[in-house]
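Engineer: Here's a sequence, model it:
(one chain, ligands or ions: 1)
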Amino acid sequence: MNPIPSRRNFFAGALASVAGVAVARSALAGLPEPVIQTSTDTAPPLLPGTGRPYNPVVTLNGWTLPWRMNNGVKEFHLVAEPVVREVAPGFKVNMWGYNGQSPGPTIEVVEGDRVRIFVSNKLPEHTTIHWHGQRLPNGMDGVGGLTQRAIPVGKTFVYEFEARRPGTFMYHPHADEMVQMAMGMFGFWVTHPRNRHPHISEVERDFCFLLNAFDVEPGSRTPKVNTMTDFNIWCWNSRAFPGIDSLNVRLGDKVRIRVGNLTMTNHPIHLHGHEFTVTGTDGGPTPPASRWPEVTTDVAVGQMRQVEFVADEPGDWAFHCHKSHHTMGPMGHAVPTMVGVDHRGLLGKLQQAAPDYMLMGERGMADMGEMEMPLPDNTSPMMTGAGPFGSLEMGGMFSVLKVRQEQKPGDYSDPGWFRHPEGSMAREYSGQMAEPVRHQSGDGQAAPSGREAAAPLQVRKPGSHAGH
Ligand SMILES: [Cu+2]
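Structural biologist: Down below sits the predicted model:
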């Protein structure tokens, strides 16, 4: 019956299961006590203490909601409420979420489980929860006005259904959706297979996180809820680099990462140093014959992609969205391009007219990663992150897959930076330099930069960063 007995031992010693704590029979008549999370750390996997066994997931900078068993039904209690989420060190945002955090806790159940979810509304307006991707009775689908009356302020509704198919799902409001999702209301749902499934592999590490985005003016604390596409805080689980934990695995581990997209644009998620296959969507596990190797998978809006690989290359491997504006912290993207513009002699005059005028980008923007520019209170730098060799010049949707021989099975702690074997790193060349041979065409197009006289400098000024 138990498809994964050996794997479960990996997590021995992890967080003692809060799930299924013995509850007095009389207490079962009432509402399950809501569990509130105060930490933004990645919680260790929550071992199932009751119900069918399964191999739990690890939610990046998140946690799994404990449940209680009531006459064979798994009971959860979600509380929709305003929360303050620390998005990155020193940067806190007023969000709406569930049980103390945004995103809400991950819900983990097993195929065939009967699930009862109490949803208490402590928001200033009505809400619902839609269970994205699930097979369920129509009246449990959570679409305000269509399948139910929205949950009024201060009330608790109950959703109940059987988790019919294994897979990776999401939950979010289907009431004033634009505002409530712009404020951070969503969560992950994993239905583990009941038995060994021909298209679902057993893995040593199983991570999940949601892609989400906010528009927060630097120095302010509340997302602008009417923004359509022009977001500036690009998050994994409502955290932005350097606030996103690394994914720490043992060399040789089979790793699964489940990524759901609840932003308003697509995100090509890219892993360095390994090839992966997409093994599932929110439609379920993909047949093995339909899979091919990739190093980037595009996760479109409202989609989930589940990727798998064997972590067989030791090191610190970048793992990020491939849209370069999504691996940056907040800044005005409307500033003109200054690369190649000579400001000498101009700065003083400009500062007489505009004392705050700052010269930036003349040699590219790499300086931004290290310069200690005064920032307004409560924001995050555009490019930051101290690595072992300097600034990473990143922000937003960026993390690191750390593959280590020494990582213990079931240990998710950060092993620190990779120690590169002697002779295995890019290094400065100090030998003789030959004069490069350049192709000379008649119109001087291939002339080395600085020697061409006639070519006019083309400076394109982007109007906004809409559409990224
Ligand atoms: Cu992206």
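
Engineer: Show me the shaky parts of this structure.
Structural biologist: Scanning the chain with the threshold set as pLDDT under 70 gives 1-28, 331-348, 350-351, 354-375, 440-468.

Engineer: Near the ion, which residues of it are found?
Structural biologist: 267, 321, 323, 326 (CB under 5 Å from the ion). For glycine as for every other residue, the C-beta is placed from the backbone atoms N, C-alpha and C.

Engineer: Tell me who's in contact with the second one.
Structural biologist: The reference is to Cys321. Taking CB atoms under 8 Å, 6 or more residues apart in numbering as the criterion, Cys321 is in contact with 211, 234, 267-270, 327, 396-398.

Engineer: one more time with 7 Å, if that's ok
Structural biologist: Listed by CB atoms under 7 Å, 6 or more residues apart in numbering, the contact set of Cys321 reads 234, 267-269, 327, 397.

Engineer: How about the last one?
Structural biologist: Applying CB under 7 Å, 6+ apart, we find His326 in contact with 234, 267, 396-397.

Engineer: Name the SS class of it, please.
Structural biologist: helix (DSSP: H, G, I helix; E, B strand; the rest coil).

Engineer: now swap in Val79 and tell me
Structural biologist: Under three-state DSSP, Val79 comes out as strand.

Engineer: ok, of the contacts of His326, which one's closest to the ion?
Structural biologist: Comparing those against the ion with CB to the ion places His267 closest, at 3.4 Å.

Engineer: Number of residues surrounding the closest one?
Structural biologist: Look at His267: counted by other CB atoms under 10 Å, it has 25 neighbours.

Engineer: Could I get the full set of helices for the stretch 301-450 of the chain?
Structural biologist: 347-353 (DSSP state H, counting those that start in this stretch).

Engineer: what are the phi and psi angles of Val109?
Structural biologist: Backbone dihedrals for Val109, given as degrees, to the nearest 10, come out at phi -140, psi 180.

Engineer: Let me see the contact set for it.
Structural biologist: With contact set as CB under 7 Å, 6+ apart, Val109 has these partners: 74, 115, 163, 191.

Engineer: returning to that earlier point: the contacts of Cys321 in strands, which ones?
Structural biologist: 234, 267-269 (DSSP state E).

Engineer: Which one (most neighbours) among these?
Structural biologist: Trp234 (28 neighbours).

Engineer: what about the closest residue to it other than its chain neighbours, how many neighbours?
Structural biologist: Among residues not flanking Trp234 along the chain, Gly396 sits closest, at 3.6 Å (CB to CB, 6 or more residues apart in numbering). Neighbourhood size, Gly396 [other CB under 10 Å]: 29.

Engineer: show me what contacts Gly396?
Structural biologist: 234, 240-241, 326-329.

Engineer: that older thread, export the contacts of Val109 as CSV, with columns for secondary structure.
Structural biologist: As requested, the contacts of Val109 are exported to CSV (three-state DSSP):
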residue, secondary structure
Lys74, strand
Val115, strand
Ala163, coil
Thr191, strand
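
Engineer: Out of the residues you listed, the closest to the ion would be?
Structural biologist: The closest of the contacts of Val109, once distances to the ion are taken by CB to the ion, is Thr191, at 26.7 Å.

Engineer: Next up, the contacts around that closest one.
Structural biologist: By CB under 7 Å, 6+ apart, Thr191 lies in contact with 109-111, 163, 165-167, 169.

Engineer: measure Val403 to Trp317 for me?
Structural biologist: From Val403 across to Trp317, the span is 7 Å (CB to CB, to the nearest Å).

Engineer: Same question for Pro330.
Structural biologist: Taken as CB to CB, the span from Pro330 to Trp317 is 26 Å.

Engineer: Please identify which of the two sits among more neighbours.
Structural biologist: Shown here are Pro330 and Trp317; by other CB under 10 Å, Pro330 has more neighbours (27 against 19).

Engineer: for that one, what are its contacts?
Structural biologist: Neighbour list for Pro330: 216, 218, 232-233, 379-380, 382 [criterion: CB under 7 Å, 6+ apart].

Engineer: Apply 6 Å and report the result again.
Structural biologist: By CB atoms under 6 Å, 6 or more residues apart in numbering, the contact list for Pro330 reads 218, 232-233, 379.

Engineer: Equivalent analysis for Val249, please.
Structural biologist: 205, 255, 311, 403.

Engineer: List the beta-bridge partners for it.
Structural biologist: Per DSSP bridges, the residues bridged to Val249 are Val403.

Engineer: Check the gap between it and Glu125 for me.
Structural biologist: Counting by CB to CB, the gap from Val249 to Glu125 is 42 Å.

Engineer: can the residues of the chain next to the ion go into a markdown table with extra columns for distance to Gly49?
Structural biologist: As requested, the residues of the chain next to the ion are exported to a markdown table (distance: CB to CB, whole Å):
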| residue | distance to Gly49 |
| --- | --- |
| His267 | 35 |
| Cys321 | 36 |
| Lys323 | 41 |
| His326 | 39 |
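
Engineer: and which of those residues is nearest to Thr297?
Structural biologist: Closest approach between those and Thr297, by CB to CB: His267, at 9.4 Å.
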